[in-house]
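**Student:** sharing a model that was predicted from the sequence below.
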Amino acid sequence: MSGYFFLTISLLTGTAKGYCGKKISRYTEKLTDAISISSVRMGICALFGFILILFQHKLSVCTTLTTIDILCILWSAIANSAFVVLWLCCVHSGAYMLVEISLTLGVPIAVCGSTLIPALHEPLRFRNIIGIIILVFASILMQGYNQKVKKKKLTPKEFAMLLALPFSSGLADLSQKYYIKTVLSADAAVFSFYSFLLSAVILVFSRLVQRQKSSISLSNIKNVLPYTVLMALFLYANIYFKTLAAAELSSAVLYPLIQCFSMILSFLMSVILFREKATLHSFFGMLFAICGILVINLN
């Protein structure tokens, strides 16, 4: 039962994170804007993580990292750095529900990855393959919804980012799973802290090598900063509790369930709060995505 409890907290904080991210995305006109905001967010997440480590008296654990700890943290940091930047860019250029549906493609990446990595011992079944096909169809269907909401087609660059988004999400989830299942002294607080800290370093370095100036004005910072702090808090809680849930639940149960309910909450939020008009494309896209996830999750 504890696994489902952690899953529920991760689900709720993930939805709240999405709301804050949508509010911020209006200011991400350029890639450099998304990198700048994400680096600040990851730095705040690292601060939250350090405070939790101090509260739990785990400071000594932070100094005893093994080689596999470091590799898992590096894997997580790179994947999460790509994910947070791509997510802001995709939400800025596309309908919120299109982005949420595309994230369902991260589910088969995590499930298939758990099958291909011998240390995780999670077999891939025929129903998983059928579910993956349904998810791909749902994502294609939702492209029509995006055109109705945004009144335009995605550019090749926007489409490429939308394809890269679920890969970064799936690889980030898989890094959590691999860490929690293969490291004997695995600790979610330590893993989250170092992942966010290294992500912040990666993003700050990426921003420094970018010569393009940010388009966020000083007057807009007061609008961006509060949502960035809240988003950092929800992001930290989302990843921390998802890591705890990964220790209790298999990939074929955890990631489909969390994505399924996240999609339902996001759909309601996009219609009620973001005023995205519900269409047949959106209803059928969400229906197919949920069916695909449920097929993957069948016993």
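**Tutor:** Structure's in. What do you need? These figures come from a predicted structure and were not determined experimentally.
**Student:** contacts, neighbours, all on C-alpha from now
**Tutor:** Will do.
**Student:** where does the stretch 51-200 of the chain have low pLDDT?
**Tutor:** Scanning the stretch 51-200 of the chain with the threshold set as pLDDT under 70 gives 94-97, 124, 128, 139-152, 154.
**Student:** swap the cut-off to 50 and go again
**Tutor:** The stretch 51-200 of the chain contains no residues with pLDDT under 50.
**Student:** between the two ends of stretch 118-134, what distance do you get?
**Tutor:** 26 Å (CA to CA, to the nearest Å).
**Student:** oh, that last question was meant for stretch 53-62, not what I typed.
**Tutor:** Note: stretch 53-62 ends 9 Å apart using CA to CA.
**Student:** ok, residues contacting that stretch?
**Tutor:** For stretch 53-62, contacts defined as CA atoms under 8 Å, 6 or more residues apart in numbering pick out 189, 190.
**Student:** distance from the chain centre to that stretch, please.
**Tutor:** 26 Å (CA atoms, centre = their mean, to the nearest Å).
**Student:** do stretch 285-299 as well
**Tutor:** 19 Å.
**Student:** and that stretch, what's buried?
**Tutor:** Under the neighbour-count criterion of 16 or more other CA atoms under 10 Å, stretch 285-299 has 285-297 buried.
**Student:** and the least confident of these?
**Tutor:** Within the buried residues of stretch 285-299, the minimum per-residue pLDDT falls on residue 297 (65).
**Student:** how about the buried residues of stretch 285-299 in CSV, adding distance to residue 26 and secondary structure?
**Tutor:** Output for the buried residues of stretch 285-299, formatted as CSV (distance: CA to CA, whole Å; DSSP: H, G, I helix; E, B strand; the rest coil):
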residue, distance to residue 26, secondary structure
285, 25, helix
286, 24, helix
287, 28, helix
288, 29, helix
289, 27, helix
290, 28, helix
291, 32, helix
292, 31, helix
293, 30, helix
294, 33, helix
295, 36, helix
296, 35, helix
297, 35, coil
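**Student:** return the residues in contact with the residue nearest the centre of the chain.
**Tutor:** With distances taken as CA atoms, centre = their mean, residue 169 lies nearest the centre of the chain, 4.9 Å away. Residue 169 sits next to 79, 80, 83, 103, 106 when contact means CA under 8 Å, 6+ apart.
**Student:** now, which of those lie within helices?
**Tutor:** Among the contacts of residue 169, the ones falling in helices (DSSP state H) are 79, 80, 83, 103, 106.
**Student:** what sits against the fourth one?
**Tutor:** With contacts defined as CA under 8 Å, 6+ apart, residue 103 is in contact with 165, 166, 169, 259.
**Student:** how about a cut-off of 6 Å?
**Tutor:** Taking CA atoms under 6 Å, 6 or more residues apart in numbering, we find residue 103 in contact with residue 166.
**Student:** try the last one
**Tutor:** Residue 106 makes contacts with 166, 167, 169, 170, as judged by CA under 6 Å, 6+ apart.
**Student:** distance of the closest residue to residue 263 other than its chain neighbours from residue 162?
**Tutor:** Nearest residue to residue 263, sequence neighbours excluded (CA to CA, 6 or more residues apart in numbering): residue 100, at 6.3 Å. Distance, residue 100 to residue 162, using CA to CA: 10 Å.
**Student:** then residue 169?
**Tutor:** 11 Å.
**Student:** re earlier: tell me the SS of the residue nearest to the centre of the chain?
**Tutor:** When classified by DSSP: H, G, I helix; E, B strand; the rest coil, residue 169 comes out as helix.
**Student:** residue boundaries of the helices in the chain?
**Tutor:** 2-25, 31-55, 67-93, 96-103, 106-116, 126-150, 156-182, 188-209, 218-246, 251-272, 280-296.
**Student:** can you put those helices in JSON lines and add distance to residue 61?
**Tutor:** Listed next are these as JSON lines, based on distance: least, CA to CA, whole Å:
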{"stretch": "helix 2-25", "distance to residue 61": "23"}
{"stretch": "helix 31-55", "distance to residue 61": "9"}
{"stretch": "helix 67-93", "distance to residue 61": "11"}
{"stretch": "helix 96-103", "distance to residue 61": "33"}
{"stretch": "helix 106-116", "distance to residue 61": "27"}
{"stretch": "helix 126-150", "distance to residue 61": "38"}
{"stretch": "helix 156-182", "distance to residue 61": "15"}
{"stretch": "helix 188-209", "distance to residue 61": "7"}
{"stretch": "helix 218-246", "distance to residue 61": "17"}
{"stretch": "helix 251-272", "distance to residue 61": "27"}
{"stretch": "helix 280-296", "distance to residue 61": "37"}
